[in-house]
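>>> Here's my sequence, what's the structure:
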Amino acid sequence: MDVEARLSDVVSRIHDSERSAGRPLGSAQLVAVSKTFEADAIRPVISGGQRVFGENRVQEAQSKWPLLKAETSDIELHLIGPLQSNKAADAVALFDVIETIDREKIARSVADEIRRQGRPIRVYVQVNTGLELQKAGIAPDDTEAFVTLCREQIGLEIEGLMCIPPADENPGPHFALLATLAERCKLEKLSMGMSGDFEAAIQFGATSVRVGSAIFGIR
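Numbering: from 1, shown residues only. A predicted model of the protein is given here:
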């Protein structure tokens, strides 16, 4: 299949999963993960109707998305990779959603830049549900306190939670844990599920799924 056919297939599978879960169509947003792909590879996906995209690195996104956003005005761009505080200004300037807030320093940097730039972007807290040493994210047991800190002391309004389950484990318990944490924090948005498990994530309540290789092909 070409990229537009793969996009159509993923959208169809999302709708099937929503129906299976008894959820309204469109309740799970598709974030097409375009990391490592150049602008020419992304344009056919935009032409296919996709408007929400995810990137892992600020510098890489800066090399292609200002032009793509200028070409198509209603693009929504998500940062789904780790963010360093020295890149906070660039991230707030370019991205519409930052999904990877996971420590106080970056939360304060992003909040400061939102106020300085007057650009009210949306933010998520990343949770390391598997407590993997090599992965970013706040520990599950620290999530409620961290969300409260962001809200009450830093002035950063949190929209939802995000996770990346361990690759070698059943993702279901991790999705269930994130949903439980979101409920405790009174958050409605859940960013979870990738190319190999997005259908399961929808069953557990994902409001956005991050799908890359199933659309763009193998990197």
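>>> Test my guess that Ala61 contacts Gly54.
No: Ala61 lies out of contact with Gly54 (Cβ atoms under 8 Å); the separation is 9.4 Å. Every residue, glycine included, has its C-beta placed from N, CA and C.
>>> Mutual contacts of those two, please.
Common neighbours of Ala61 and Gly54 are listed as 77, 79 (criterion: Cβ atoms under 8 Å, 6 or more residues apart in numbering).
>>> now this structure, which segments are flagged as low pLDDT?
Filtered on pLDDT under 70, the chain yields no residues whatsoever.
>>> Do a quick rundown of the strands in it.
Secondary structure of the chain by DSSP state E: the strands cover 29-33, 52-55, 76-79, 97-101, 122-127, 158-163, 189-191, 208-211.
>>> what's the last one packed up against?
The one in question is strand 208-211. Judged by 3 or more Cβ pairs under 8 Å, 6 or more residues apart in numbering; DSSP states H and E, the packing partners of strand 208-211 are strand 29-33, strand 189-191, helix 198-203.
>>> Who are the contact partners of the residue nearest to Ala136 when sequence neighbours are not counted?
Spatial nearest neighbour of Ala136, chain neighbours left out: Pro82 (4.5 Å); criterion: Cβ to Cβ, 6 or more residues apart in numbering. Shown in contact with Pro82 (Cβ under 8 Å, 6+ apart): 100, 102, 136.
>>> How much space separates Pro82 from Asn128?
Distance, Pro82 to Asn128, by Cβ to Cβ, to the nearest Å: 11 Å.
>>> who touches both of those two?
102, 136.
>>> C-alpha coordinates for the helix ranked longest in the chain, CSV please?
The longest helix of the chain (DSSP state H) is helix 3-20. Written as CSV, here are the backbone C-alpha positions of helix 3-20 (Å, rounded to 0.1, in the frame of the first residue of the first chain):
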residue,chain,number,x,y,z
VAL,A,3,1.1,6.1,2.3
GLU,A,4,-2.4,7.4,1.7
ALA,A,5,-3.8,3.9,1.7
ARG,A,6,-1.9,3.1,4.9
LEU,A,7,-3.3,6.2,6.5
SER,A,8,-6.9,5.2,5.4
ASP,A,9,-6.3,1.7,6.8
VAL,A,10,-5.2,3.1,10.2
VAL,A,11,-8.2,5.5,10.4
SER,A,12,-10.5,2.6,9.6
ARG,A,13,-8.9,0.5,12.3
ILE,A,14,-9.3,3.3,14.8
HIS,A,15,-13.0,3.7,14.0
ASP,A,16,-13.5,-0.1,14.3
SER,A,17,-11.8,0.0,17.7
GLU,A,18,-14.0,2.9,18.8
ARG,A,19,-17.1,1.0,17.8
SER,A,20,-15.9,-2.1,19.6
